[in-house]
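S.K.: fold the stuff below for me.
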Amino acid sequence: MDRRVLAEGFRRRVGHLPDVVAVAPGRVEILGNHTDYNEGLVMSAALELGLGVAAAPRADRRVRLFSRRRGGPVLFSIDQIEHDPAARWADYLKGVLRELAAAGVPIVPADVWLNGDLPSGGGMSSSAAFEVSTALAFLQLAGRELDRWTVATLCRRAENEFVGVKCGILDQFSSLFGVAEHLLWLDCRSLDHGAVRLGPGLELVVANTMVRHALADGAYNELRASCERAVAHFQARIGDHPVRALRDVSAGELDEHARGLAPADRRRAQHVVEEIERVDGGREAVAAGDVARLGELMLASHASSRDLFGNSCRELDLMVDLAAGLDGVFGAKLSGGGFGGCIVALVRADRGAEVVRRLAQEYQATTGIEPQLHRCRIGAGARVLP
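M.R.: The predicted model follows:
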């Protein structure tokens, strides 16, 4: 996400240099799979991989959007921001512009160039990086400022209401609040949050299975609906305290009151309840420097996603199993919505190159698919580049 590269890409398409360049990192989820919209706890890391938006004002009332990967241009009026079935990828930007306008930010007509080194659809939240970099760029063009929580909330709302993916706040939070060399933690109910230094000699390996998921097509929303059905079930049976989300159900209450709950909904509720406990354990492990324990919790998280929540797949399971068998790997799990995409592995840095080589070789030998692997450092949060 180099400013010079982004500016030069903009110049080639538009004919002059941009006025503003904003960048936002992708993220991987360390623990807390599908706990965010259940008002639970999450642990994540922003990456040095990310997306950037370069922009400059136009003289008319339109936005013209280009992308290195998607092509373009997508051209639309700021007075009529609507869906275009032929360019659904632009909905992430359009949704953010609608939310900025609703927040009282004047939308400046602009040429926009999107580029970066973050894989799309691979579980590293390219959508949130696109949303956040768009928000920061258009705020800069308008000469306005919003605090980071407000930006995170409006970007999430854009994805929920305009794009149609009922995601929680994890992705936008991670992209905006990232701290280099630190893992992030977030209480999705109270919004208490912090960062814990991971420690030296470690890195993250992100391995893309090259099996693509399309969360807007309904799989993600069905998982969320399953959790909501479980909440309604427990609300009718637990009388001594309010149940607003699965965050409010203990393991004991789950066992006691599960009768009558559909089997799939029960399994998913169990995953969420136990996953929230794993995040608490993970934060304690990082603070104590117990990397082995953190790795064990990551493996347990993946097993729960596979066996209980049901959002893994054969390729993800294979990649995790292969990684777990390699020297220097402490733990691994799927990252993101699931049904394909990426796993993240916690790895000794001095073994990183060999882990990447072996993992790519063994995965391709088994599946015939050539994966994409990245040795990742934990990066800083979104920003406008000077």
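S.K.: report the rounded mean pLDDT for the longest strand along the chain.
M.R.: If you go by DSSP state E, the chain has its longest strand at strand 41-57. Mean per-residue pLDDT for strand 41-57: 96.
S.K.: send me that strand as CSV with only the CA atoms.
M.R.: C-alpha atoms of strand 41-57 as CSV (Å, rounded to 0.1, in the frame of the first residue of the first chain):
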residue,chain,number,x,y,z
LEU,A,41,-15.6,-11.1,22.6
VAL,A,42,-13.2,-11.2,19.7
MET,A,43,-9.4,-11.2,19.1
SER,A,44,-7.9,-10.1,15.8
ALA,A,45,-4.9,-8.6,14.1
ALA,A,46,-4.6,-5.9,11.5
LEU,A,47,-2.2,-6.8,8.7
GLU,A,48,0.4,-4.9,6.7
LEU,A,49,-1.6,-6.2,3.6
GLY,A,50,-4.5,-3.9,2.7
LEU,A,51,-6.3,-1.7,0.2
GLY,A,52,-5.9,1.9,-0.7
VAL,A,53,-8.1,4.6,-2.3
ALA,A,54,-6.8,7.5,-4.3
ALA,A,55,-9.2,10.3,-5.1
ALA,A,56,-9.6,13.8,-6.5
PRO,A,57,-12.7,16.0,-6.9
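S.K.: next structured bit after it?
M.R.: strand 62-67 (DSSP states H and E).
S.K.: what about that next one, average pLDDT?
M.R.: When pLDDT is averaged along strand 62-67, the result is 97.
S.K.: could you give the angle of the next helix or strand after it to strand 62-67?
M.R.: The first helix or strand that comes after strand 62-67 along the chain, using DSSP H and E, is strand 71-77. Strand 71-77 and strand 62-67 meet at an angle of 160 degrees, taking axes from the mean of the first three to the mean of the last three C-alpha atoms, to 10 degrees as the criterion.
S.K.: helices or strands next to strand 71-77 in the packing?
M.R.: strand 62-67 (3 or more C-beta pairs under 8 Å, 6 or more residues apart in numbering; DSSP states H and E). In this view, the C-beta of every residue, glycine as well, is placed from N, C-alpha and C.
S.K.: report the contact partners of the closest residue to L176 other than its chain neighbours.
M.R.: Spatial nearest neighbour of L176, chain neighbours left out: R148 (4.7 Å); criterion: C-beta to C-beta, 6 or more residues apart in numbering. Taking C-beta atoms under 8 Å, 6 or more residues apart in numbering, we find R148 in contact with 176-177, 381.
S.K.: check V355 too.
M.R.: 205, 323, 326, 328-329, 345, 347.
S.K.: let's see that with 10 Å instead.
M.R.: 203, 205, 207, 322-323, 326-329, 332, 345, 347-348, 373, 375 (C-beta atoms under 10 Å, 6 or more residues apart in numbering).
S.K.: list only buried entries from those.
M.R.: 203, 205, 207, 322-323, 326, 328-329, 332, 345, 347-348, 373 (16 or more other C-beta atoms under 10 Å).
S.K.: name the SS class of the closest residue to E99 other than its chain neighbours, please.
M.R.: Nearest non-adjacent residue to E99, counting by C-beta to C-beta, 6+ apart: L154, 4.0 Å away. What DSSP: H, G, I helix; E, B strand; the rest coil gives for L154 is helix.
S.K.: wait, isn't L154 in contact with L146?
M.R.: Yes. Between L154 and L146 there is a contact under C-beta atoms under 10 Å: 7.7 Å.
S.K.: with neighbour numbers in mind, choose between these two.
M.R.: Taking neighbours as other C-beta atoms under 10 Å, L154 and L146 compare with L154 leading, 21 against 17.
S.K.: what sits against the more buried one?
M.R.: If you count contacts by C-beta under 10 Å, 6+ apart, then L154 has 95-96, 98-100, 102-103, 105, 131, 135, 146, 172 around it.
S.K.: in terms of pLDDT, where does F76 sit?
M.R.: Per-residue pLDDT puts F76 at 98.
S.K.: kindly report the same for A216.
M.R.: Value for A216, per-residue pLDDT: 46.
S.K.: hmm, L100 and F138 touching each other?
M.R.: Yes. Counting by C-beta under 10 Å, F138 does reach L100; the two are 5.9 Å apart.
S.K.: neighbour count for those two, which is higher?
M.R.: Taking other C-beta under 10 Å, F138 and L100 do not tie; F138 has more neighbours (26 against 23).
S.K.: next up, the contacts around the more buried one.
M.R.: 20, 22, 53, 55, 63, 93, 96-97, 100-101, 105-108, 110, 112, 144.
S.K.: recalculate using a threshold of 7 Å.
M.R.: 97, 100, 107-108 (C-beta atoms under 7 Å, 6 or more residues apart in numbering).
S.K.: tell me which element it is part of?
M.R.: Using DSSP H and E, F138 sits in helix 126-142.
S.K.: again, but for C227
M.R.: In the assignment (DSSP H and E), C227 maps to helix 219-235.
S.K.: which other residues reach that helix?
M.R.: Residues from elsewhere that reach helix 219-235, judged by C-beta under 7 Å, 6+ apart: 34, 37-38, 165-166, 213, 243, 245-246, 249, 253, 257, 260-261, 264-265, 268-269, 272, 311, 337, 339.
S.K.: and the next element down the chain from that helix?
M.R.: helix 251-257.
S.K.: now the phi/psi pair for A287, please.
M.R.: Per-residue torsions, A287: phi -60, psi -30 (degrees, to the nearest 10).
S.K.: now it: how far from H182?
M.R.: 12 Å (C-beta to C-beta, to the nearest Å).
S.K.: then F66?
M.R.: For F66, the distance to H182 equals 34 Å [C-beta to C-beta].
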